[in-house]
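J.: Okay, sequence plus prediction incoming.
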Amino acid sequence: MLKKTNLGKFISIGLASIVAFGLACSGEKLGQGGNSGSNSGGTMRLQGSGASFPKPIYEKWVNEFGKINPNIRIDYQATGSGAGQKALLAKTADFGASDDPMSDEDLKNAGGDILHIPTVLGAVVLTYNLEGVKEPLKLSAQTISDIYLGSIRKWNDQRLKTDNPTLNLPDAEILPVYRADSSGTSAVFTDFLSKTVPEWMEKVGMNKQPSWVTGVGVGAKGNDGVMGQVKQTPNSIGYVELTFAKENNLPAAQIKNKAGEFVEASLESVSAAAAASVAQMSDDLRTQITNADGTGVYPISSYTYILVYKEQPDTVKGKALADFLWWAIHDGEKYVEELHYSRLPADVRKRVEGKINSMASGGKPLRQ
Amino acid sequence: MMVQNSIPTLERFGFGFLIGSEWRPAQEEFGALPFIYGTLVSSLIALVLAVPVSLGIAIFLVEQAPQKIARPIAFMIELLAAIPSVVYGLWGIFVLAPFIRNHLGVFLQDYLGWLPFFQGRLTGIGMLTAGIILAIMIMPIITAVVRDVLEAVPSTQREAALALGATNWETTTIVLGNAASGIAGAVVLGLGRAIGETMAVTMVIGNSPQISTSLFEPANTIASLLAANFAEATDRIYLSALIEIGLVLFLVTFVVNALAKLLILSVTRGNSRTA
């Protein structure tokens, strides 16, 4: 009997706290939505959601920007590129973030012009857990594709040995790790392989959530999930954003580029890929820069975007958002390198400035 | 509402959704069978492992252990039930998976390797790991409920049995017999949690939609699929498929619970006849 009453008490406390939480949330929403609330309430809040690929740099930016503008609070949630696009379209977030550009169809149905603001460049690296292998592994698009399609099953496969004559590759089965959730990182990775390997194009293709070959490898959720899996499992290989590999002290393979060199992912090699692709960038700044031409280019590089509506419903919040974006691509750039991302090429930044200046509310431009 | 939202896939795939074994969102092919299989098998492993242990602990706490020991142990077990599943998942990746890869799995393959369940390569990630994590997660719940049920059996029964010259063990079996329906309820509760667990499973099961007899191979469950993908599903048909598989989860839970209830009914009836 005593147990029962205890249980009852727990339940009622639980219910009470849920109700209280609900009230608090709805109260916040009211304050957030109303113009007057955000003007007079002291701090204004901006909500962003999307890609996990740029999460470290966005968190840094939000933090530093908050120090300069204590009355503006920005929350960034790394929910994933797809979720970021969805949140922006559903207007539950003030800005979305995505690694791969939105599709023409989504843009058409968005109910307003959406601007793609490239913020930084990053790289997807192949990281691996091979005991006793000290020098970086060398991989080509073909061998990566073979590993993920299951035709290379062991580390001492002749095809891997040919590219890595000096490495002592073990006679062990390879465990490929991939992203189980829909992700911009997968999109960049499969975009590169689709451009370079016809067999990949045919069997898997380019997708945020490609159909992996059944029976080959395991899936994990998020960049950190893949990271954890690779770190924990000997003889595994996985693809993650460069930052995640660096911060976990895991090796990154050198990838063969279009010019035939094996290139390590670095600030320079990613910038080189961006510079080589500036000419192909369309007017709306949507572009893919995998497998770029030129020497010294890291072939699995990508822009990452912040997505905003050109026409902002709320003048004050819109202004804060435009200011934040402006700050990010100027003053914010000094934080980019320490987190292993690359800056925008100068001409691209010029074009991004134009885009930010075109943000408006009620017909008036937000930045003067 | 769920039915309404899953109409696109219901219309397009019909019954094939349930028996299809390919899940390829990119090609818009959806078959739920590997997930149903994964859900059932992982939960079954969890029950097989957790029920005997939970029963043992509960019996020990109620019938054998002195109050001084029983209280703190019971408290600690209830505390285990409050650990968030992500923590179990992390523990699974960092402790359990390497343990299975280096010790348990090797042991099983050495001695039981001829069974189809224990063949294939050992990665530490897969159905067995998920099942063991689930077992650890549902154990505290089952233990706590069984303990309460056993405590609810009037002590006069125990006294009567002892007075009639029954041994300690015989007394315990009588108490268990009387508590059977409550114990079964506890098991169903644990099963419910095992079927519906998301994060911890996602982190250790390998998320690969395949049906393999080997317990070392990666698999996936419905709940884990939903946890990993629902937030990101942008496309209409994909969203519809996920909602429909949610419906399937309802159905699976319903059928499993109904079967469990039937089982309990037959067991308790048998008991009252022999008693």
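T.: Nice, I can see it.
J.: Up against chain A, what does the stretch 1-150 of chain B have?
T.: Proximity of the stretch 1-150 of chain B to chain A (CB under 8 Å from any CB of the partner chain) is limited to residues B:22-27, B:29, B:93-94, B:97-98, B:101, B:121, B:123-126, B:148. All C-beta spots, glycine's among them, are computed from the backbone N, C-alpha and C.
J.: Give the PyMOL command for selecting the buried subset of those.
T.: Per 16 or more other CB atoms under 10 Å in any protein chain shown, the buried members of those correspond to this PyMOL selection:
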select buried, chain B and resi 23+24+25+26+93+97+101+123+124+125+126+148
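J.: Select from the residues of the stretch 1-150 of chain B next to chain A every entry located in strands.
T.: B:W23, B:R24, B:E29 (DSSP state E).
J.: Could you check how far stretch A:218-235 is from the centre of its chain?
T.: Stretch A:218-235 has its C-alpha centroid displaced from the chain centroid by 17 Å (CA atoms, centre = their mean, to the nearest Å).
J.: Kindly report the same for stretch A:359-368.
T.: 28 Å.
J.: Report the buried residues of it.
T.: Neighbour counts over stretch A:359-368 (16+ other CB under 10 Å) mark A:M359, A:A360, A:S361, A:L366 as buried.
J.: Compile the residues you listed into CSV and extend it with columns for pLDDT.
T.: Shown next, in CSV, are the buried residues of stretch A:359-368 (pLDDT from 0 to 100):
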residue, pLDDT
A:M359, 92
A:A360, 91
A:S361, 88
A:L366, 86
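J.: Out of these, which is nearest to chain B?
T.: Of all the buried residues of stretch A:359-368, the one sitting nearest chain B is A:M359; the distance, using CB to the nearest CB, is 24.3 Å.
J.: these two touch, right, that closest one and A:K317?
T.: No: with contacts counted by CB atoms under 8 Å, A:M359 stays clear of A:K317, the gap being 11.3 Å.
J.: Helices of the stretch 101-250 of chain B, residue ranges please.
T.: Using DSSP state H, counting those that start in this stretch, the helices of the stretch 101-250 of chain B run over B:105-112, B:127-152, B:155-163, B:168-178, B:180-196, B:199-205, B:222-229, B:236-274.
J.: Could you list the low-pLDDT ranges of the chain?
T.: This is for chain A. A:1-42, A:368 (pLDDT under 70).
J.: oops, chain B please
T.: Of all residues in chain B, those with pLDDT under 70 make up the ranges B:268-275.
J.: how close does the residue sitting nearest the centre point of chain A get to B:A260?
T.: With distances taken as CA atoms, centre = their mean, A:F53 lies nearest the centre of chain A, 2.4 Å away. According to CB to CB, to the nearest Å, A:F53 stands 45 Å off from B:A260.
J.: and the residue of the stretch 1-150 of chain A found nearest chain B, what does it touch?
T.: Using CB to the nearest CB, A:G82 is the residue of the stretch 1-150 of chain A that sits closest to chain B, at 3.8 Å. A:G82 sits next to A:S98, A:S182, A:S183, A:K208, B:A231, B:E232, B:A233, B:T234 when contact means CB atoms under 8 Å, 6 or more residues apart in numbering or on different chains.
J.: Just among those residues, which is most surrounded?
T.: Neighbour tally across the contacts of A:G82 (other CB atoms under 10 Å in any protein chain shown): the maximum, 28 neighbours, falls on A:S183.
J.: hang on, that one packs against A:Q209?
T.: Yes: counting by CB under 8 Å, A:S183 does reach A:Q209; the two are 7.3 Å apart.
J.: Break chain A into its domains for me.
T.: Here the domain assignment for chain A is A:11-121+A:303-365, A:123-301, based on automatic domain parsing.
J.: Quick one: end-to-end distance for the longest one.
T.: Across domain A:123-301, the terminal residues are separated by 4 Å (CA to CA, to the nearest Å).
J.: do it and chain B meet?
T.: Yes: using CB under 8 Å from any CB, we find that domain A:123-301 touches chain B at A:173, A:175, A:180-183, A:204-205, A:207-212, A:214-215, A:217-221, A:225, A:228-229, A:232-233, A:236.
J.: Which helix or strand contains the residue nearest to the centre of chain A?
T.: Using DSSP states H and E, A:F53 sits in no helix or strand.
J.: Return the residues in contact with it.
T.: Contact partners of A:F53, counting by CB under 8 Å, 6+ apart, are A:S81, A:D99, A:G122, A:G184, A:T185, A:N223, A:E241, A:S302, A:T304.
J.: which phi and psi does it have?
T.: Torsion angles at A:F53 (phi, psi; degrees, to the nearest 10) stand at phi -60, psi -50.
J.: How about the stretch 1-150 of chain B: which residue is closest to chain A?
T.: In the stretch 1-150 of chain B, the residue that lies nearest chain A is B:R24 (3.6 Å; CB to the nearest CB).
J.: Now that residue: closest residue in space that isn't a chain neighbour?
T.: Computed as CB to CB, 6 or more residues apart in numbering or on different chains, the closest residue to B:R24 that is not its neighbour in sequence is A:S211, at 3.6 Å.
J.: rewinding a little: in which helix or strand would I find the residue of the stretch 1-150 of chain A closest to chain B?
T.: Taking DSSP H and E as the definition, A:G82 sits inside helix A:81-89.
J.: buried set for that helix?
T.: Using 16+ other CB under 10 Å as the test for burial, helix A:81-89 gives A:S81, A:G82, A:A83, A:G84, A:Q85, A:K86, A:A87, A:L88, A:L89.
J.: which other helices and strands contact the helix or strand A:A273 falls within?
T.: Using DSSP H and E, A:A273 maps to helix A:267-277. Judged by 3 or more CB pairs under 8 Å, 6 or more residues apart in numbering or on different chains; DSSP states H and E, helix A:267-277 is in contact with strand A:114-128, strand A:301-309.
J.: If we use 10 Å, what do you get?
T.: Helix A:267-277 makes packing contacts with strand A:114-128, strand A:262-263, strand A:301-309, helix A:346-357 when contacts are defined by 3 or more CB pairs under 10 Å, 6 or more residues apart in numbering or on different chains; DSSP states H and E.
J.: Quick check: which of these is buried the most?
T.: Stretch with highest mean neighbour count among the helices and strands packed on helix A:267-277: strand A:301-309 (a mean of 27; mean count of other CB atoms under 10 Å in any protein chain shown).
J.: just how off-centre is it within its chain?
T.: On the basis of CA atoms, centre = their mean, strand A:301-309 sits 9 Å off its chain's mean C-alpha point.
J.: and that strand, which strands flank it?
T.: Strand A:301-309 has the following strand partners under DSSP bridges: strand A:95-98 (antiparallel), strand A:114-128 (antiparallel).
J.: I'd like the next helix or strand past that strand.
T.: Counting by DSSP H and E, the next helix or strand C-terminal to strand A:301-309 is helix A:315-329.
J.: Which positions in that following helix come out as buried?
T.: The neighbour-count check on helix A:315-329 (16+ other CB under 10 Å) flags A:317-329 as buried.
J.: Generate CSV for these, with distance to chain B as supplementary columns.
T.: Below are those laid out as CSV (distance: CB to the nearest CB, whole Å):
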residue, distance to chain B
A:K317, 24
A:G318, 25
A:K319, 29
A:A320, 26
A:L321, 23
A:A322, 26
A:D323, 29
A:F324, 24
A:L325, 24
A:W326, 29
A:W327, 29
A:A328, 25
A:I329, 27
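J.: Which two of the residues you listed have the greatest separation?
T.: The most widely separated members of those, counting by CB to CB, are A:K317 and A:I329 (19.3 Å).
J.: Dump stretch A:184-202 to CSV, keeping only the CA atoms.
T.: Output in CSV follows, covering the C-alpha atoms of stretch A:184-202 (Å, rounded to 0.1, in the frame of the first residue of the first chain):
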residue,chain,number,x,y,z
GLY,A,184,24.3,16.4,-45.8
THR,A,185,27.6,14.6,-45.1
SER,A,186,26.2,11.6,-46.9
ALA,A,187,25.0,13.8,-49.7
VAL,A,188,28.5,15.3,-50.2
PHE,A,189,30.2,11.8,-49.9
THR,A,190,27.8,10.1,-52.4
ASP,A,191,28.0,13.1,-54.7
PHE,A,192,31.7,12.7,-55.0
LEU,A,193,31.4,8.9,-55.6
SER,A,194,28.6,9.3,-58.1
LYS,A,195,30.6,11.8,-60.2
THR,A,196,33.6,9.5,-60.3
VAL,A,197,32.5,5.9,-60.2
PRO,A,198,29.8,4.8,-62.7
GLU,A,199,29.1,1.6,-60.8
TRP,A,200,28.3,3.7,-57.7
MET,A,201,26.1,6.0,-59.7
GLU,A,202,24.1,3.0,-60.9
